[in-house]
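In: Mind folding the following:
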Amino acid sequence: MFNDYISDVLPELGEENVKQTTFMEFAKSFLKTRMKITDLNEQMEYILSAKENREYDTRIKAIQYKSSIEFLKKLEEYVGLLYEKPWEFENFYVSNTMIITKEEQKTLFQKDYTYLPMIPRLKKIRNRVLYLIKQHEHKHIEKMFEKLSKDPTMADRKPNEIKKIATRTVLKQFKPVRERARGIGNTSIINLYKSMFTRKEIISEKHYSVAKFTLQQLGQGILFYEDLAPMLYLKGKLSGIVPKENIQHVIIDEAQDYTPLQMNIINELFPKSNFTVVGDLNQSLNPYANIGNGEQMGEMFNTKNLSHIKLTKSYRSTQQITKFVNKILGVEHEDGLINRNGNPPIVQVIDSVEECIQQINKDIINVISDGYSSIAVIAKNKEEAKMIHKSLSKSMNCNLVLSADTTFPYGITVMPSYLSKGLEFDAVFVLNLMSPYAGKKEVNLFYTVCSRALHRLYIYSLNTLPEYLKNIPKDIYKIP
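Out: This is a model prediction of the structure:
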């Protein structure tokens with residue numbers, strides 16, 4: 001939807017040959033898992049809508065923990081432990097004949113095959129053990145053939161028949177040891193990730209509930225968005241992902257919604273690239289999983305050669321809207337305001353959802369009569385968007401957008417808050433109804449949806465003013 005939108009509002013920039021992807025698409029292409037993966041929008045919908053769920057607090061803790069630098073360090077520690085003890089190596093022998101000792105296998109892992117990541121290294125050891133087993137099988141078959149050829153009971157048998165009997169006998173004898181050898185390195189990234197949450201030296205008692213919850217979800221074949229980056233990290237460290245050394249420059253957009261772990265992965269995947277990282281920390285949608293602050297960027301990219309350019313002038317909205325949304329965040333400076341005047345934002349306190357629908361109808365008609373055509377009604381979550389769209393569509397043509405995997409719908413659009421990121425509209429109608437925006441955790445989301453407006457901004461709040469407006473001077477906005 002975003003790509004479709006910018007293709008119409010930006011001039012041709014010659015970007016046809018640019019490879020473009022999302023972190024979700026990128027991770028899925030490397031993991032190649034059959035598990036059901038939830039995306040960022042589904043994660044946001046859960047955060048905004050599932051507060052009554054009995055496991056809500058636990059999942060929020062999981063999202064916070066798995067998005068932290070602390071968890072990244074735990075992943076690094078876990079990978080170190082796996083390389084120290086990658087497998088329970090054992091001695092392989094048949095009939096008191098030693099094929100290969102566990103010490104020899106450890107030497108292969110720690111010295112001979114160190115040019116490979118852990119899992120390919122184990123598979124190479126497995127192939128080596130199977131090769132040695134095969135050599136011993138050949139020797140035993142020859143000895144068995146000689147023995148059976150001298151056996152009087154085999155006197156009436158042809159040599160090729162005796163050879164077949166010898167082969168079957170030896171292969172049966174070697175079968176248990178061969179099966180055990182085939183098990184070396186027979187693991188998966190998902191099993192290794194599960195195992196991490198069972199190790200007390202990695203997961204402290206403080207995060208026991210997170211570990212239990214994670215194992216429960218993974219056991220049901222569900223891979224939450226917060227588990228996607230850790231899984232990709234493990235695959236890179238344990239199975240190997242070939243770095244994209246031919247890419248000269250990487251641009252990361254909406255960087256505020258990336259976690260330190262995601263940034264770490266991207267940095268390692270493009271070791272020879274320069275980076276341009278673009279974002280607005282004030283527009284971070286997920287309060288529990290984000291980049292944190294700009295100062296951490298140099299640490300994440302392991303570089304001191306960092307240029308931080310702060311852009312303070314907003315060209316999107318009118319002076320009145322820009323000043324209003326800045327006040328939501330407590331931003332006082334006005335040096336970024338452009339000289340484009342318009343109407344002050346309108347905040348309406350309504351008594352019911354029905355009254356809200358009626359007022360939106362009137363306000364949309366007025367906005368259209370003033371010559372504006374791009375209109376968004378932004379609900380907080382998916383269910384609220386569905387409800388509002390159902391009522392609005394009785395009196396006017398409007399689109400319902402519930403997924404980012406669609407084309408940009410021109411005209412009147414109803415959508416949940418998290419899908420409005422990156423978009424802009426002539427007029428924006430923000431709903432603060434049954435599940436009002438509240439607390440420090442949601443102030444950035446409220447700021448983001450309000451800042452989608454170019455010319456007109458309307459806010460509808462049920463029974464009381466939105467929490468974030470109570471300390472804003474009354475001359476900044478208008479109450480009808």
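
In: How about the contacts made by Leu431?
Out: By C-beta atoms under 8 Å, 6 or more residues apart in numbering, the contact list for Leu431 reads Cys356, Val377, Ile378, Ala379, Lys380, Glu384, Ile388, Tyr460. Backbone N, C-alpha and C define where each C-beta goes, glycine included.

In: from those residues, which is closest to Pro230?
Out: Of all the contacts of Leu431, Pro230 sits closest to Lys380, with 28.7 Å by C-beta to C-beta.

In: Just want to check the distance between the closest one and Ile321.
Out: Separation of Lys380 from Ile321 (C-beta to C-beta, to the nearest Å) stands at 20 Å.

In: now do Gly221
Out: In this view, Gly221 and Ile321 are 45 Å apart by C-beta to C-beta.

In: who has more neighbours, these two?
Out: The neighbour comparison of Gly221 against Ile321 (other C-beta atoms under 10 Å) goes to Ile321, with 26 against 11.

In: For that one, what are phi and psi?
Out: phi -70, psi -40 (degrees, to the nearest 10).

In: Report the distance from stretch 400-413 to the chain centre.
Out: Mean C-alpha position of stretch 400-413 versus that of the full chain (C-alpha atoms, centre = their mean, to the nearest Å) differs by 23 Å.

In: buried set for that stretch?
Out: For stretch 400-413, the neighbour count (16 or more other C-beta atoms under 10 Å) marks Leu400, Val401, Leu402, Ala404, Phe408, Pro409, Ile412, Thr413 as buried.

In: check contacts around the fourth one.
Out: When you say that, I think you mean Ala404. If you count contacts by C-beta under 8 Å, 6+ apart, Ala404 has them with Met1, Phe2, Asn41, Leu419.

In: what does the fifth one give?
Out: For Phe408, the contacting residues are Met1, Phe2, Asp4, Tyr5, Asp8, Leu423, by C-beta under 8 Å, 6+ apart.

In: Helix, strand or coil: sort out it for me.
Out: coil (DSSP: H, G, I helix; E, B strand; the rest coil).

In: Report pLDDT for it.
Out: In the prediction, the pLDDT value recorded for Phe408 is 75.

In: Equivalent analysis for the fourth one, please.
Out: pLDDT recorded at Ala404 is 82.

In: How about Gly14?
Out: We have a pLDDT of 63 for Gly14.

In: Likewise for Ser391?
Out: In this model, Ser391 is scored at 95, pLDDT.

In: Between which two of the contacts of Ala404 is the distance greatest?
Out: Taking C-beta to C-beta as the measure, those span a maximum distance of 12.0 Å, between Phe2 and Asn41.

In: Compare the two (neighbour count), which wins?
Out: With neighbours defined as other C-beta under 10 Å, Phe2 and Asn41 compare such that Asn41 has more, 20 against 15.

In: how near is that one to Pro159?
Out: Distance of Asn41 to Pro159, given as C-beta to C-beta: 71 Å.

In: Tell me who's in contact with the residue nearest to Met44 when sequence neighbours are not counted.
Out: Leaving aside its chain neighbours, Met44 sits nearest to Tyr418 (4.0 Å; criterion: C-beta to C-beta, 6 or more residues apart in numbering). Tyr418 is in contact with Leu40, Asn41, Met44, Glu45, Leu48, Leu285, Leu445, counting by C-beta under 8 Å, 6+ apart.

In: out of these, who's nearest Asn246?
Out: After measuring these against Asn246 - C-beta to C-beta - the closest member comes out as Leu40, at 28.1 Å.

In: Nearest to Tyr437 among the contacts of Leu431?
Out: Lys380 (6.8 Å).

In: Now stretch 56-64: buried residues?
Out: By 16+ other C-beta under 10 Å, the buried positions in stretch 56-64 come out as Thr58, Arg59, Ile60, Lys61, Ala62, Ile63, Gln64.

In: Quick one: residues in contact with stretch 44-53.
Out: In contact with stretch 44-53 (C-beta under 8 Å, 6+ apart) are residues 38, 56, 59-60, 63, 285-288, 380-383, 416-418, 435.

In: any chance you could map the helices in the stretch 1-150 of the chain?
Out: Here the stretch 1-150 of the chain has its helices, by DSSP state H, counting those that start in this stretch, at 2-9, 23-31, 40-49, 56-66, 69-84, 102-107, 118-149.

In: got the angle for the one helix or strand Lys172 maps to vs helix 118-149?
Out: Lys172 belongs to helix 159-182 when assigned by DSSP states H and E. Relative orientation of helix 159-182 and helix 118-149, computed by axes from the mean of the first three to the mean of the last three C-alpha atoms, to 10 degrees: 150 degrees.

In: Kindly export the helix or strand following helix 159-182 (C-alpha atoms) in CSV.
Out: Sequence-wise, the next helix or strand downstream of helix 159-182 (DSSP H and E) is helix 189-196. The C-alpha coordinates for helix 189-196 follow below in CSV (Å, rounded to 0.1, in the frame of the first residue of the first chain):
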residue,chain,number,x,y,z
ILE,A,189,17.0,-23.9,14.2
ILE,A,190,13.6,-24.0,15.7
ASN,A,191,14.6,-26.9,18.1
LEU,A,192,17.8,-25.0,19.0
TYR,A,193,15.7,-21.9,19.7
LYS,A,194,13.3,-23.9,21.9
SER,A,195,16.3,-25.3,23.7
MET,A,196,17.5,-21.8,24.6
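
In: centre of the chain versus helix 189-196, how much separation?
Out: Relative to the chain's own centre, helix 189-196 is displaced by 17 Å; criterion: C-alpha atoms, centre = their mean.

In: Then stretch 459-471?
Out: Remark: stretch 459-471 is offset 33 Å from the chain centroid, using C-alpha atoms, centre = their mean.

In: model confidence over that stretch, on average?
Out: Mean predicted confidence for stretch 459-471 is 93.

In: Ends of it, what's the gap?
Out: 16 Å (C-alpha to C-alpha, to the nearest Å).

In: List the buried residues for it?
Out: Ile459, Tyr460, Ser461, Leu462, Leu465, Pro466, Glu467, Tyr468, Leu469.

In: can you check stretch 259-279 too?
Out: Within stretch 259-279, judged by 16+ other C-beta under 10 Å, the buried ones are 259-267, 269-270, 273, 275, 277, 279.

In: Next up, the contacts around Leu400.
Out: Ala385, Lys386, His389, Ser393, Thr413, Val414, Met415.

In: My reading is that Ser461 lies in a helix. Confirm?
Out: No: under three-state DSSP, Ser461 falls outside any helix and is assigned strand.

In: For the nearest residue to it once chain neighbours are set aside, the count of nearby residues, please.
Out: By the measure of C-beta to C-beta, 6+ apart, the closest residue to Ser461 outside its immediate chain neighbours is Asn432, 4.2 Å from it. For Asn432, the tally of surrounding residues (other C-beta under 10 Å) stands at 26.
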